[in-house]
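>>> all I have is the shape, not the residue letters:
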């Protein structure tokens, strides 16, 4: 079983890294940004290591090797009404928790000892999405599993949310969000420079979940493209 988990985690890591490379290739940063870019040579190793670590943990939950969480595997186990209620509850609360966690990572202590590592990338590229301190990786991962300590949620909902955070992280770092511009709702939720402004200013725009700019607008921590330009 352990070999299966390591195998699945390896395949998932390769797919995610290849996706990030494809995004970087198709939506490259400008020459000006490359010249200003604060490059850290261990960035790729951090990204690969963090993705693999989370993939292993995720598979340990899926294969029920570790099962402290209230995850269920038969969609009809609690009925359709519970499935819809638990899904909506999980997504909203978890997304809020991710926002709050990212905000707290900018507190003086956490930023100095943990989050600063990621902000060495003033102009990030897609492959830098996972170049963060392993403690930060685990903290963010834990933040969208808190709900599962209280109510049961269908496992696929949790897994897809986790995957969506990875995809969004890849698109947010660099110019990948250009892909979403032609999709009406997503284009508004995820302005192209939204997260790049965060990296440049080191404040504002803490939303990194599926609700994008919503939490920042609600708590007035937003700064948009017309307020600051990346280029």
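In hand now; what should we look at? Computed from a predicted model, the values in this text were never measured in an experiment.

>>> what sits against the spatially most central residue of the chain?
Nearest residue to the geometric centre of the chain (Cα atoms, centre = their mean): residue 165, 3.6 Å. With contact set as Cβ atoms under 8 Å, 6 or more residues apart in numbering, residue 165 has these partners: 98, 144, 208-210. Using the backbone N, CA and C atoms, a C-beta is placed for each residue, glycine as well.

>>> surely residue 174 is in contact with residue 22?
No - counting by Cβ atoms under 8 Å, residue 174 does not reach residue 22; the two are 11.6 Å apart.

>>> the two: which has the busier surroundings?
residue 174 (26 against 13; other Cβ atoms under 10 Å).

>>> quick one on the thing from earlier: which of the contacts of residue 165 lies closest to residue 50?
Among the contacts of residue 165, residue 208 lies closest to residue 50 (Cβ to Cβ), at 14.4 Å.

>>> neighbours around that closest one, how many?
By other Cβ under 10 Å, the residues close to residue 208 number 22.

>>> and what about it, helix, strand or coil?
What DSSP: H, G, I helix; E, B strand; the rest coil gives for residue 208 is coil.

>>> now do the contacts for it.
Residue 208 sits in contact with 98-99, 102, 165, 168-169, 172, 195, where contact means Cβ under 8 Å, 6+ apart.

>>> just the buried residues from these, in ChimeraX please.
To isolate the buried ones among the contacts of residue 208 in ChimeraX, judged by 16 or more other Cβ atoms under 10 Å, type:
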select :98,99,102,165,168,169,172,195
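
>>> would CSV of the contacts of residue 208 with pLDDT be doable?
Converted to CSV, the contacts of residue 208 look like this (pLDDT from 0 to 100):
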residue, pLDDT
98, 96
99, 96
102, 96
165, 95
168, 93
169, 94
172, 91
195, 89
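
>>> pick out whichever of the contacts of residue 208 sits closest to residue 17.
For those, the nearest to residue 17 is residue 169 (12.5 Å; Cβ to Cβ).

>>> show me the helices in the chain, by range?
Assigned by DSSP state H, the chain shows helices spanning 2-26, 31-36, 43-62, 80-104, 108-113, 134-143, 155-172, 184-189, 194-201, 214-218.

>>> report how many residues lie close to the closest residue to residue 155 other than its chain neighbours.
Residue nearest to residue 155 in three dimensions, not counting chain neighbours: residue 71, with 4.7 Å by Cβ to Cβ, 6 or more residues apart in numbering. As a burial measure, residue 71 scores 19 neighbours (other Cβ under 10 Å).

>>> what sits against residue 71?
Counting by Cβ under 8 Å, 6+ apart, residue 71 has contacts 61, 148, 152-155, 158.

>>> hang on, the earlier thing: where among the helices of the chain is average confidence lowest?
Note on the helices of the chain: helix 31-36 shows the lowest mean pLDDT, a mean of 46.

>>> distance from the centroid: which residue in the chain tops it?
The chain, farthest from centre, Cα atoms, centre = their mean: residue 79 at 29.9 Å.

>>> okay, it: pLDDT?
If you check residue 79, the pLDDT there is 93.

>>> which residues does residue 58 contact?
Applying Cβ under 8 Å, 6+ apart, we find residue 58 in contact with 9, 159, 162.

>>> just residue 13 next, same as before
Per Cβ under 8 Å, 6+ apart, neighbours of residue 13: 48, 51-52, 55.
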